[in-house]
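**Student:** dropping the sequence and predicted coords here.
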There are 2 protein chains.
Amino acid sequence: MPLTARIEAAVDGALARATRARPPERLAAALHHAVKPGGARIRPTIAMSVAIACGDDRPDVSDAAATAIELIHCASLVHDDMPCFDDADIRRGKPTVHLAYDEPIALLTGDSLIVLGFDVLSQVDPADAVRGLALTAELARYTGMPHGICAGQGWESEAEIDLATYHRAKTGALFTAATRMGALAAGQEPDPWTDLGARIGEAFQVADDLLDVLQPSDVTGKPTGQDVAHDRPSAVTKYGVDGAIRRLEDILSGAIASIPACPGEAMLADMVRRTAKRLTPAHHRTPAE
Amino acid sequence: MPLTARIEAAVDGALARATRARPPERLAAALHHAVKPGGARIRPTIAMSVAIACGDDRPDVSDAAATAIELIHCASLVHDDMPCFDDADIRRGKPTVHLAYDEPIALLTGDSLIVLGFDVLSQVDPADAVRGLALTAELARYTGMPHGICAGQGWESEAEIDLATYHRAKTGALFTAATRMGALAAGQEPDPWTDLGARIGEAFQVADDLLDVLQPSDVTGKPTGQDVAHDRPSAVTKYGVDGAIRRLEDILSGAIASIPACPGEAMLADMVRRTAKRLTPAHHRTPAE
């Protein structure tokens, strides 16, 4: 099965699990709205690619790890879009959950998707319980406090903010979780995989800052110009557009160089290059890309 | 160590874990505000009591189970109090989190506490990974969709609502989780413990409906009259005050009768009686209580 189909099947399985057996229907529909159709599914693609590069000896565990990360990501989008944060109208080209439904349903959709992420990990075979529990610890670490994506959003409420700490938590955390959990799912030590995830996350943040300035919202499927509107720290305001693009290229080179020696090393380098191509604003791509 | 001190120490340990190593300070303070000082800690008391009745052979696992349930409960209070739900001003005699801080911080506090609940379970000794993962599955089942407390809140957005289904999910779920997870933490089968938790949960809901009508808010530490104000289904509107009190007594008798045979059976019956005394509105207590 191609990677994208495998990820989508795993995500669909989790959604079906959360909406089985006579659930409250509006909330069930809102979960579906928040998760399907997906965006680029970048985080689960990274997790699954690393798992495969590490041997993928327990495919169900790899599926669970990739799905859990994507569900947490979807949850964070729903909550971030709510009126008390970005007050966003569109996401992935559709109305945001609080507009398509209402604020209570959006709040519960995010909560339910967070729980579903952990639920999915808890369903691995008891023979793989040590891996399942280690994956649970990783997901919690990169989602919650003090250093996960919740902490990242929390930094926006602080009077003083360190740009690197903020980005590492808000955007980087789930990319680091993706590479580490991919390795763990395949029974490997996660530590050698931290750098790769952190660098892809850093690249993604710079790319997102660039998109926010360079692309119209009908291309990104979400409102742009949000960083300036919300007075948020951004790589573009810090380095300028050209400086930010150079920085993106440097980070991606570093990411490829950081890939640990493993059977799937070349495949992973290719995955990073494809991710880079997806991230770089179209009219700034060099012919080689 | 007395039970209450043991529970508080475990909860404090979890809070310290979530706020270590330079977290965003306002969010860290809000987590503390939401969890300390606690209410009656009824759910972790039930979980811990069942674990002790079942032998408590892994005290760290029992501590984790009890703490995880309490953290989820605290998270649900923070989110339920927000403007899009109850818009409540006071909780446990203090300003609610969104008033003491703001809405973004309240949203993140709930999210972070949900994650922390799962995080705590993930930290059990790898030798206890099978129990840890089973506890994770239970916590997810009774927190998320389709039948946990998120689903319970979700039912409030439905045009048609079955009172029993609604209460079972919204209030009963975490009590059922408490007895089942207490048993699991001590290595016992959870199924024989489902009825006890469900009945205590049902009693608690009826008691809460009574308090909402009978007690001034300076006694309960939260706004009263909310069921009528929000047109919510209630045992008092269905059975009347006297009928609801008779129902409460019947349910608690049933709860005691449902306790499985175990070394701690008498202690558990006593725990249920003490819980009952706490739940019954003071001027309706019979002298025997």
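**Tutor:** Looks like it came in fine. Numbering: from 1, shown residues only, chains lettered A, B, ... in the order given.
**Student:** wait, isn't A:D81 in contact with A:A100?
**Tutor:** No: using CB atoms under 8 Å, A:D81 is not in contact with A:A100; the gap is 10.7 Å. Placement of C-beta: from N, CA and C, glycine included.
**Student:** more neighbours, those two?
**Tutor:** It is A:D81, of A:D81 and A:A100, that has more neighbours when counted by other CB atoms under 10 Å in any protein chain shown, with 24 against 15.
**Student:** who are the neighbours in contact with that one?
**Tutor:** Contact analysis of A:D81 by CB atoms under 8 Å, 6 or more residues apart in numbering or on different chains lists A:87-88, A:91, A:96-98, A:106.
**Student:** show the pLDDT at it.
**Tutor:** Looking at A:D81, its pLDDT reads 97.
**Student:** over to A:T280?
**Tutor:** Among the per-residue scores, A:T280 holds a pLDDT of 68.
**Student:** just the one 3 residues further on next, same as before
**Tutor:** The confidence metric pLDDT takes the value 51 at A:H283.
**Student:** pLDDT weak spots in the stretch 51-200 of chain A?
**Tutor:** Residues of the stretch 51-200 of chain A that meet the criterion pLDDT under 70 are absent altogether.
**Student:** got the residues of the stretch 151-289 of chain A near chain B?
**Tutor:** By CB under 8 Å from any CB of the partner chain, the residues of the stretch 151-289 of chain A that approach chain B are A:151, A:153-158, A:165.
**Student:** got those residues as TSV, with neighbour count, secondary structure and distance to B:D111 columns?
**Tutor:** Output for these, formatted as TSV (neighbours: other CB atoms under 10 Å in any protein chain shown; DSSP: H, G, I helix; E, B strand; the rest coil; distance: CB to CB, whole Å):
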residue	neighbour count	secondary structure	distance to B:D111
A:A151	28	helix	10
A:Q153	24	helix	8
A:G154	29	helix	10
A:W155	23	helix	14
A:E156	19	coil	14
A:S157	17	coil	13
A:E158	15	coil	17
A:T165	17	helix	19
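**Student:** surely A:I7 forms part of a helix?
**Tutor:** Yes: according to DSSP: H, G, I helix; E, B strand; the rest coil, A:I7 belongs to a helix.
**Student:** apart from its neighbours in sequence, what residue is nearest it?
**Tutor:** A:P44 (4.8 Å; CB to CB, 6 or more residues apart in numbering or on different chains).
**Student:** now swap in A:D60 and tell me
**Tutor:** A:V124 (6.2 Å).
**Student:** how many other residues sit next to that neighbour?
**Tutor:** 23.
**Student:** next up, the contacts around it.
**Tutor:** The contact partners of A:V124, taken as CB under 8 Å, 6+ apart, are A:58, A:60-61, A:64, A:131-132, A:135, B:133.
**Student:** who touches the residue nearest the centre of chain A in this structure?
**Tutor:** With the centre of chain A defined as its mean C-alpha position, the nearest residue by CA atoms, centre = their mean is A:R43, 4.4 Å away. Contacts here follow CB under 8 Å, 6+ apart; on that basis A:R43 touches A:66, A:69-70, A:73, A:174-175, A:177-178.
**Student:** what do you get for A:A177?
**Tutor:** Per CB under 8 Å, 6+ apart, neighbours of A:A177: A:43, A:47, A:69, A:138-139, A:141-143, A:197.
**Student:** and the helices in the stretch 51-200 of chain A, which stretches?
**Tutor:** Assigned by DSSP state H, counting those that start in this stretch, the stretch 51-200 of chain A shows helices spanning A:59-81, A:97-100, A:103-122, A:129-143, A:149-155, A:163-167, A:173-185, A:194-214.
**Student:** ok, back up a step: I'd like to know which of the contacts of A:A177 is nearest to chain B.
**Tutor:** Nearest to chain B out of the contacts of A:A177 is A:T143 (CB to the nearest CB; 4.9 Å).
**Student:** buried ones in stretch A:184-197?
**Tutor:** For stretch A:184-197, burial by neighbour count (16 or more other CB atoms under 10 Å in any protein chain shown) applies to A:184-188, A:190, A:192-193, A:195-197.
**Student:** want to try CSV for those, with distance to A:A21 as columns?
**Tutor:** Listed next are those as CSV, based on distance: CB to CB, whole Å:
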residue, distance to A:A21
A:L184, 31
A:A185, 28
A:A186, 33
A:G187, 34
A:Q188, 37
A:P190, 35
A:P192, 42
A:W193, 38
A:D195, 43
A:L196, 40
A:G197, 36
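**Student:** returning to what we had before: now tabulate the helices of the stretch 51-200 of chain A in TSV and tack on distance to A:G240.
**Tutor:** Below are these laid out as TSV (distance: least, CB to CB, whole Å):
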stretch	distance to A:G240
helix A:59-81	26
helix A:97-100	34
helix A:103-122	35
helix A:129-143	30
helix A:149-155	23
helix A:163-167	15
helix A:173-185	24
helix A:194-214	10
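**Student:** hey, which of those helices is tucked in deepest?
**Tutor:** Among the helices of the stretch 51-200 of chain A, helix A:173-185 has the highest mean neighbour count (mean count of other CB atoms under 10 Å in any protein chain shown), at a mean of 30.
**Student:** what angle do it and helix A:129-143 make?
**Tutor:** Per axes from the mean of the first three to the mean of the last three CA atoms, to 10 degrees, the angle that helix A:173-185 makes with helix A:129-143 is 170 degrees.
**Student:** okay, angle between helix A:173-185 and helix A:103-122 too, please.
**Tutor:** Here helix A:173-185 runs at an angle of 20 degrees relative to helix A:103-122 (the same axes, to 10 degrees).
**Student:** quickly find the element holding A:C262.
**Tutor:** Of the helices and strands defined by DSSP states H and E, none includes A:C262.
**Student:** pull the contacting residues for the nearest residue to it once chain neighbours are set aside.
**Tutor:** Spatial nearest neighbour of A:C262, excluding adjacent residues (CB to CB, 6+ apart): A:A53 at 5.2 Å. For A:A53, the contacting residues are A:182, A:262-265, A:267-268, by CB under 8 Å, 6+ apart.
**Student:** let's see 6 Å
**Tutor:** Counting by CB atoms under 6 Å, 6 or more residues apart in numbering or on different chains, A:A53 touches A:262, A:264, A:268.
**Student:** and stretch A:256-273, what's buried?
**Tutor:** Buried, per 16+ other CB under 10 Å, within stretch A:256-273: A:256, A:258-260, A:262, A:264, A:268, A:271-272.
**Student:** rewinding a little: closest to A:T4 out of the residues of the stretch 151-289 of chain A next to chain B?
**Tutor:** Closest to A:T4 out of these is A:Q153 (28.8 Å), distances taken as CB to CB.
**Student:** separation between the closest one and A:F85?
**Tutor:** Computed as CB to CB, to the nearest Å, the A:Q153 to A:F85 distance reads 7 Å.
**Student:** thinking again about what came up before, export the buried residues of stretch A:256-273 to CSV and tack on distance to A:L15, pLDDT and secondary structure?
**Tutor:** Converted to CSV, the buried residues of stretch A:256-273 look like this (distance: CB to CB, whole Å; pLDDT from 0 to 100; DSSP: H, G, I helix; E, B strand; the rest coil):
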residue, distance to A:L15, pLDDT, secondary structure
A:I256, 34, 93, helix
A:S258, 34, 94, coil
A:I259, 32, 95, coil
A:P260, 33, 94, coil
A:C262, 32, 88, coil
A:G264, 29, 90, coil
A:L268, 28, 93, helix
A:M271, 25, 87, helix
A:V272, 29, 88, helix
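**Student:** what's the burial count for A:R22?
**Tutor:** 12.
**Student:** pretty sure it is in a strand, no?
**Tutor:** No: checked against three-state DSSP, A:R22 lies outside a strand; its state is coil.
**Student:** with adjacent residues omitted, what lies nearest to it?
**Tutor:** Here the residue nearest A:R22, using CB to CB, 6+ apart, is B:P146, at 7.2 Å.
**Student:** how about the one you found, phi and psi?
**Tutor:** Main-chain torsions, B:P146, degrees, to the nearest 10: phi -90, psi 0.
**Student:** roughly how far apart are it and B:W155?
**Tutor:** Following CB to CB, the distance that separates B:P146 from B:W155 is 11 Å.
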